Structure formats: structure tokens, C-alpha cells
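**Q** for reference, the sequence and a predicted model appear below.
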Amino acid sequence: MVGKIIAGLIAAIKSPFSIALGLVLMMAGAAAGGFFFAKRQDAIERQKAAEAKAAAEKAAKAHIPVKVPQPEDGPDPWMPRYIPLGEEFTTNFREKKRVLIVEVTVVTRKGKKAEDSLRARVIPLRARVDALLSVFSYDQAVSEDGSRLLSEHLKNGLNQTLRADLGISPVEDVLITHLFIQ
């Protein structure tokens, strides 16, 4: 019986109609498979695009710029305000018989409130400048860019102190108005 079925199939395959039908069915199967896999690949690409967009939005939200508050005073609230820290500072270097004498002026562009806060804290700021000068070395002071290094050192130290006290860093620059190294 199995032999008769196999013989019938072989005879059916040899007919031209069967060959054409087999080719049509094979092409239809290939087209259906191609359509299925293409649709699946499109869905994967859409999912990846959606994930990339979500990641970009998350990254954009994470880097929101901080807005600087607008001062309310004067015609030009952003003009620089200069706050001298009083008399000159004198400090000894660690090296024997070496002295640094310096006058310092603090610059802010954060408005009248920042200026008033700095003026109200001149004595603690002078104490901080004394402490900062005591760790500055003679070699740093006499280097080619010693004045700039000293200015940066003082600015960073004062802002660190004020950030702990006020929560902001109002010192934009420290001007060395008098510098004497002996």
C-alpha cells in the first residue's frame, strides 16, 4: 500500500501542472516568510529607535542648565563690583627671611546683594586670606605666573568658604592690587 502511494506521488510530480503548482506554492511560502521576517525586523528597529529617543530625552533632562538669578538693582546689575579687603596682608614664607606683602580686592558680578554679603564678611574673608597665604610657597610666588596663581588660589579658597556659608560662589575674580615679595 505504501508503494502505491509513493508511485502515485511520483506520477503526480512528473505532470507539468504539479510542477507549476509546486513552484507557485514554494514562491508563496518564500514571500510569506520574507514578509514575516521583514515585519519582525521593522518592529525591532522601531523598538531600538524608541529606546534611543527615551535615552536622549533622559540625558537632556539631566543636563538642565542652572538659571542665574537676575539682580534687581541699578541700571546695569551685572557691572563688576569691587570690594577691597582692607589693609595689606603680610605673611612669612616657610623659607627663612622671606616675606609676602599683598593687597587684595574681590570682584563680583552677582549684584548688590552679593556685594553687601561680601562687605558684611570682610573680617572672616581677611582671616581666610591670611590662612590661604600661609600655604602659598615662595617658589610659587616668584614664578613667571605667580600673581595669577596667587589670584586663582585666593579665589578658589574664598569661594569654597562662601559656598559653605552662603550656598553660592560670589567671587568672580581676586585682584592683586599690591604685591611685594622680599
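**A** That came through fine.

**Q** use CA for all of it now, contacts and neighbours both
**A** Fine.

**Q** burial measure for residue 170, as a count.
**A** Residues lying near residue 170 (other C-alpha atoms under 10 Å) number 23.

**Q** residue 113 is in contact with that one, correct?
**A** No. Counting by C-alpha atoms under 8 Å, residue 170 does not reach residue 113; the two are 9.9 Å apart.

**Q** OK, contacts around residue 137?
**A** 93-94 (C-alpha atoms under 8 Å, 6 or more residues apart in numbering).

**Q** and it, its phi and psi?
**A** phi -90, psi 160 (degrees, to the nearest 10).

**Q** need the pLDDT of it.
**A** Per-residue pLDDT puts residue 137 at 83.

**Q** state the distance from it to residue 146.
**A** 10 Å (C-alpha to C-alpha, to the nearest Å).

**Q** show me this structure divided up by domain.
**A** Domain segmentation of the chain under automatic domain parsing yields 2-62, 81-181.

**Q** and those domains, which one is worst for confidence?
**A** domain 2-62 (a mean of 69).

**Q** of the domains of the chain, flag the one that's most buried.
**A** Greatest average neighbour count among the domains of the chain goes to domain 81-181 (a mean of 16), per mean count of other C-alpha atoms under 10 Å.

**Q** can you give me the end-to-end span of that one?
**A** End-to-end for domain 81-181, by C-alpha to C-alpha: 28 Å.

**Q** chain center to that domain: distance?
**A** The chain centroid and the centroid of domain 81-181 are separated by 27 Å under C-alpha atoms, centre = their mean, to the nearest Å.

**Q** list the contacts for residue 175?
**A** Counting by C-alpha under 8 Å, 6+ apart, residue 175 makes contact with 104-107, 151.

**Q** quick check: which element contains it?
**A** Assessed by DSSP states H and E, residue 175 sits inside strand 173-181.

**Q** so residue 91 sits against residue 101, correct?
**A** Yes. Counting by C-alpha under 8 Å, residue 91 touches residue 101, with 6.6 Å between them.

**Q** doesn't residue 78 fall inside a strand?
**A** No. According to DSSP: H, G, I helix; E, B strand; the rest coil, residue 78 belongs to no strand; its state is coil.

**Q** that one - how many residues pack around it?
**A** 15.

**Q** what's the closest non-adjacent residue to it?
**A** residue 109 (5.1 Å; C-alpha to C-alpha, 6 or more residues apart in numbering).

**Q** for the one you found, what are phi and psi?
**A** phi -120, psi 20.
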